[in-house]
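Trainee: Build me a model from this:
(one chain, ligands or ions: 1)
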Amino acid sequence: MIQRPRGTRDFAPKEMESRRELEAAFRSVAERHGFREIATPIFEHAELFTLKSGPNVIEEMYAFEDKGGRQIALRPELTAPAMRFFVNDLTNYPRPLKIYYFGQCFRYERPQSGRYREFFQFGAELIGAPTPESDAEVIGLAAAMIRTCGLTEHQIRVGHIGILRSMLKEAGVPPEQAPFILQKLDKKVYEEARPLMQQAGMSDASIEQVIRVTETTGGIDVLDSFPGEATDYLREVFGILEAYGFTNVKADLGVVRGLDYYTGIVFEIDAPKLGAEKQVCGGGSYSLTELFGGEKVFSTGFAIGFDRVLLALEREGVSAKEHKVEAYVIPVSDAMRHQAHVITASLRNAGISADVDLMRRSIGKNFKYADAIGARFAVIVGEKEMAERSIALRDLSSGEQILVKVEALTEEVKRRREVGVRVRCGGEN
Ligand code: HAM
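Mentor: Next up, the predicted model:
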């Protein structure tokens with residue numbers, strides 16, 4: 001048997017239904033916030049990612065040479081492709097340009113629960129406005145998406161990478177070494193970060209000060225310990241988030257992010273139920289356009305780890321409604337097969353999900369099958385009944401059976417079917 005590659009997954013119908021439902025909920029929230037969808041290729045020139053994504057991403061990239069000798073990479077994320085697309089084709093759009101995307105990404109990581117080699121991101125970028133309003137708009141969108149999908153246990157942490165960047169710069173760290181230090185600080189592996197900072201020429205006092213910043217987390221008042229432009233800016237962002245109704249946001253100056261392009265605010269959302277891989281969303285403000293041959297334009301964005309949100313919802317016991325056939329049509333004899341197909345078509349054309357015996361089974365086996373697929377109704381096409389243009393409609397959950405005229409069948413099914421109860425994805429925000 002050929003197995004699927006490590007770190008990839010297949011999705012059964014039930015899983016796809018949950019995935020599509022979550023996707024639809026995210027889409028609808030993004031569109032209500034004025035974001036519009038884009039799509040970019042699954043593979044790009046590797047250079048797009050090696051230029052600025054930082055050591056984490058480069059180490060994990062699926063890169064290869066194509067038949068024309070070009071260095072190609074499967075996209076590890078979608079921000080760089082979105083910015084390339086913007087520089088190539090979208091610069092004439094009115095700004096701020098608000099876009100969102102959904103698609104798979106590839107990272108050669110060690111697979112474990114919540115960490116895959118092929119995974120899906122739902123993300124958004126707001127291009128062209130370096131203001132607290134834009135940053136709050138983006139954080140607010142991420143927060144609304146997580147809230148709307150029904151994930152009750154989550155934490156939103158917002159910081160400002162400018163604070164650490166300027167501390168490293170002032171302490172004399174050469175720019176090319178900073179990403180390696182930040183990478184270790186992001187993972188909070190201080191025992192590895194300390195020697196790197198020492199090698200970069202930092203004094204013990206500045207090393208301890210940097211570590212103190214990364215451990216600063218709590219209510220907005222923790223920002224008072226580090227007065228300056230960055231913390232003033234953060235306070236403004238928190239104020240706008242409050243106006244949008246998000247009061248569950250924490251300040252955390254230890255948010256460093258694994259990618260190297262961030263310059264201003266940075267934020268993460270965690271779902272503690274997920275354990276080690278608890279980060280379900282990450283983002284921040286950055287500028288990449290000048291690197292890709294365009295003018296410098298500031299953007300803010302985020303990506304939600306779509307698979308992790310599903311996992312977290314599952315752990316909270318939230319599940320999507322399964323799509324089941326509503327009416328299963330059973331011809332009682334071969335002579336009734338043609339009629340059964342006509343009736344199936346009329347149900348389908350009326351918007352009812354309908355199926356019909358395709359295996360030439362006996363009536364008993366057909367009932368068993370209808371039960372196995374969870375059909376709500378059986379429509380039994382019998383010779384005697386059809387002679388009077390009637391048909392038997394059986395409610396498979398109650399066992400009740402009635403005779404209805406063929407012309408009245410679709411209306412009767414519609415009247416009797418329950419309106420699907422959507423378990424999540426209500427109308428909130
Ligand atoms: P990121 O933090 O690298 O950011 O990824 C975003 C999210 O993708 C993570 O928070 C996590 O939930 C999910 N994720 C990452 N790697 C995996 C994996 N191997 N398996 C499952 N889920 C994973 C970015 O990618 C940035 N482009 C976000 C951004 C957009 N910043 C600005 N705009």
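Trainee: Does the ligand have contacts with stretch 63-74?
Mentor: No. Counting by CB under 6 Å from any ligand atom, the ligand is not contacted by stretch 63-74; separation bottoms out at 12.4 Å. C-beta coordinates here come from the backbone N, C-alpha and C atoms, glycine included.
Trainee: Run through who's touching that stretch.
Mentor: Contacting residues not belonging to stretch 63-74 are listed as 42-49, 61-62, 105-106 [CB atoms under 8 Å, 6 or more residues apart in numbering].
Trainee: out of those, which are buried?
Mentor: Among those, those that count as buried by neighbour count (16 or more other CB atoms under 10 Å) are 43-44, 46, 48-49, 61-62, 105-106.
Trainee: and of those, the nearest to Lys324?
Mentor: Nearest to Lys324 among the buried ones among the contacts of stretch 63-74 is Cys105, at 32.2 Å by CB to CB.
Trainee: Assumed that closest one was part of a strand.
Mentor: Yes. Secondary structure of Cys105 (DSSP: H, G, I helix; E, B strand; the rest coil): part of a strand.
Trainee: Now do the contacts for it.
Mentor: Applying CB under 8 Å, 6+ apart, the residues near Cys105 are 74-78, 118-121.
Trainee: How about the residues of the stretch 101-250 of the chain by the ligand?
Mentor: So far as CB under 6 Å from any ligand atom goes, the stretch 101-250 of the chain lies against the ligand at 107, 109, 115-116, 119, 121, 123, 125.
Trainee: TSV please, covering those residues and showing secondary structure.
Mentor: Formatted as TSV, those follow (three-state DSSP):
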residue	secondary structure
Arg107	coil
Glu109	coil
Arg115	strand
Tyr116	coil
Phe119	strand
Gln121	strand
Gly123	strand
Glu125	strand
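Trainee: Mind picking the lowest-pLDDT entry from the residues you listed?
Mentor: Among those, Glu109 carries the lowest pLDDT, at 93.
Trainee: picking that back up, restricted to strands, list the contacts of stretch 63-74.
Mentor: Secondary structure from DSSP state E places 43-45, 105-106 of the contacts of stretch 63-74 in strands.
Trainee: So for stretch 333-341, what gets flagged as buried?
Mentor: Buried residues in stretch 333-341, counting neighbours by 16+ other CB under 10 Å, are found at 336-337, 339-340.
Trainee: ugh, wrong one, I meant stretch 192-206
Mentor: For stretch 192-206, by 16+ other CB under 10 Å, it's 193-194, 196-197, 200, 202, 206.
Trainee: now, which of those sits nearest Asp224?
Mentor: Nearest member of the buried residues of stretch 192-206 to Asp224, counting by CB to CB, is Ser206, at 20.7 Å.
Trainee: List the residues that contact the residue of the chain found nearest the ligand.
Mentor: In the chain, the residue found nearest to the ligand is Gly305; the distance is 2.0 Å by CB to the nearest ligand atom. By CB under 8 Å, 6+ apart, the contact list for Gly305 reads 114, 119-121, 279-281.
Trainee: Mind doing that once more with 10 Å?
Mentor: Applying CB atoms under 10 Å, 6 or more residues apart in numbering, we find Gly305 in contact with 105, 114-116, 119-123, 269, 271, 274, 277-282, 311-312.
Trainee: and what of Glu153?
Mentor: Counting by CB under 10 Å, 6+ apart, Glu153 has contacts 270-274, 312, 315-316.
Trainee: Kindly recompute the last result at 6 Å.
Mentor: 272-273 (CB atoms under 6 Å, 6 or more residues apart in numbering).
Trainee: From Glu242, how far out is it?
Mentor: As judged by CB to CB, to the nearest Å, Glu153 and Glu242 stand 21 Å apart.
Trainee: elements contacting the helix or strand where Phe120 lies?
Mentor: Taking DSSP states H and E as the definition, Phe120 sits inside strand 118-127. Other elements packing on strand 118-127 under the criterion 3 or more CB pairs under 6 Å, 6 or more residues apart in numbering; DSSP states H and E are strand 97-106, helix 132-148, strand 299-305, helix 306-315.
Trainee: Just send the ones you listed back as CSV, with mean pLDDT too.
Mentor: Shown next, in CSV, are these (pLDDT from 0 to 100):
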stretch, mean pLDDT
strand 97-106, 98
helix 132-148, 98
strand 299-305, 98
helix 306-315, 97
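Trainee: Comparing those, which comes out most buried?
Mentor: Neighbour counts (mean count of other CB atoms under 10 Å) averaged over each of these peak at strand 299-305, with a mean of 26.
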